Every structure is written in C-alpha cells, then in structure tokens.
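1. quick check, what structure comes out for this input:
(one chain, ligands or ions: 1)
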Amino acid sequence: STTFVVAVDGPAGSGKSSVSKAAAAALGYAYLDSGACYRALAWSLLERGVDLEDPSAAIEAQKTFDLDIGTEPDDYFVRVGAIDVTEAIREPRVTNAVRHISKVPEVRAGLTALFRRIIRATPNPGIVVEGRDITTVVAADAPVRILLTASEEARMARRSKELTDQSAAVVGEQLRSRDQADSRVVDFMNAADGVLTLDSTELDFDQTVHAVVEIVHTQT
Ligand code: C5P
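-> Reported below is the predicted structural model:
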C-alpha cells in the first residue's frame, strides 16, 4: 500500500497520544493509538477474571479478541465486541494490568500484525501511528519516525494535571514504574538509528503539534 506512515514513540506522559491525534487531524491523516489496543486486551482479561500473570491466558484470549478501534482523529473510540471501552481502558486498574501482557512476545506479535493490517486498510493518504515500538518494530520502515520526549518533571506535571484526584508523588511513582517495566520490553527512551527526537519539554501543546506537522511536511 502507499499509505504514508508517521511513526511516533515515547514514554508515558510525553503527550504522544493527544499530539499524534491533533497532528493527524491537521494533516488529514488517520490516527492509530496502539497503546489503546494493548489496554483493550488487558481490559478484556480483567473482565474475564483470568490470571494476568499467566501468559498462556493472554495468548489464548487474543485469538478471539474482537477489537474495533476508530482511526479517524475526530471519531476516536475503542470497542471490544459490543462494549464501548473508550473510557474504561484509562482506569488505573487497566493501566497497571497492561504490563503483564505487553511483555508476552506472542501478544506483541499478534498486536503488531493487527496494527499492520489496520495501516494497510487505511483509506487516508497517511496515518499517524503511536506507541512504544512503532519506530523500531511495527513500522520501522516508515518515512517519518519520531521519538517524542519530555523531561520526567514535565511529563509528571502534565499527567498529574489529567489525574486531578491523585498526588503528584503518586503520579510520578506510577509513571516511573510503568516506564521501567515497559523499557525492559522495548527501548523507547533512546531514539533508534534514523529516528528524530522531538523534545517537548519547553513546548506547549500547539507548538508540539506544529513541530510534528512541520517534520512531516519536510518529508512529503
Ligand atoms: O500508550 P499507552 O500509555 O496507552 O500504552 C499503554 C501500555 O501499553 C504501555 O504502558 C505498554 O505496556 C503497552 N504498549 C506497548 N507497545 C506499544 C504501545 C503500548 O507495549 N506500541
């Protein structure tokens, strides 16, 4: 297919989801939130009450995983079967559960295949795909690959603004522990060869979106 792929990776709290979605909208591209797919699988395992520590349960569940994700930036939703889980997958119990399944190689292979099918099937001229291993695995051959970073301080501040009911210390600890767990599986803290680092520490949201759009424009 000729779909132009913009791959964006980054740590938790880097703002990559909202930035990627807004950049996709500005470019007239589709948008794929790969983390939401990992979250939706974790959600369905919690729903079934299976043992998250048992990788075979995740591998089994994935075979019948009926996921539907919106890839239009202005029509974003996540469904598992008939259930809309767009909000539910953001709950802390899901955030904490994902790490158990995202470390299972068979699960990663299955979701990677799904992401590639979605990319191939996208009718838009392009698609912005974001996650942890998009620049290195899912779309390692993408013409634009960006690592979106921000200082730990900035990421903590942004995340605690979203989660107003939790203390900054708790938010910081959760962020660190999730990044640590995720880093053991894929390296998204350091840009791979040919991947451009965009540090948003000193940029506001609009400036960061603009920077992504500019990077894409110089490549098209
Ligand atoms: O991006 P988000 O924070 O929603 O991702 C949730 C979790 O899904 C991550 O903490 C990580 O464990 C997993 N993930 C992954 N690979 C991706 C995207 C997400 O392992 N490409």
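2. who touches the lowest-mean-pLDDT helix or strand in the chain?
-> For the chain, the helix or strand with the lowest mean confidence is helix 152-162, at a mean of 83 (criterion: mean pLDDT, DSSP states H and E). For helix 152-162, contacts defined as C-beta atoms under 8 Å, 6 or more residues apart in numbering pick out 11-15, 150, 166-168, 171-172, 175-176, 200-201. Using the backbone N, CA and C atoms, a C-beta is placed for each residue, glycine as well.
3. the helix or strand following that helix to helix 152-162, inter-axis angle?
-> The element immediately downstream of helix 152-162 (helix or strand, assigned by DSSP states H and E) is helix 168-183. Here helix 168-183 points in a direction 120 degrees away from that of helix 152-162 (axes from the mean of the first three to the mean of the last three C-alpha atoms, to 10 degrees).
4. residue numbering should commence at 14 henceforth.
-> Taking 14 as the first residue, the last one we looked at is helix 181-196.
5. list the helices and strands helix 181-196 packs on?
-> Secondary-structure packing of helix 181-196 (3 or more C-beta pairs under 8 Å, 6 or more residues apart in numbering; DSSP states H and E): helix 105-115, helix 165-175.
6. make TSV out of these and add distance to residue 219 and mean neighbour count.
-> Output for the helices and strands packed on helix 181-196, formatted as TSV (distance: least, C-beta to C-beta, whole Å; neighbours: other C-beta atoms under 10 Å):
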stretch	distance to residue 219	mean neighbour count
helix 105-115	27	18
helix 165-175	14	16
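7. just to revisit the earlier point, farthest-separated two in the contacts of helix 165-175?
-> Farthest-apart pair in the contacts of helix 165-175 is 180 and 213; separation 23.8 Å (C-beta to C-beta).
8. neighbour count winner among the two?
-> Per other C-beta atoms under 10 Å, whichever of residue 180 and residue 213 has more neighbours is residue 213, with 24 against 10.
9. quick one: the more buried one and residue 29 touch, right?
-> No: counting by C-beta atoms under 8 Å, residue 213 does not reach residue 29; the two are 9.1 Å apart.
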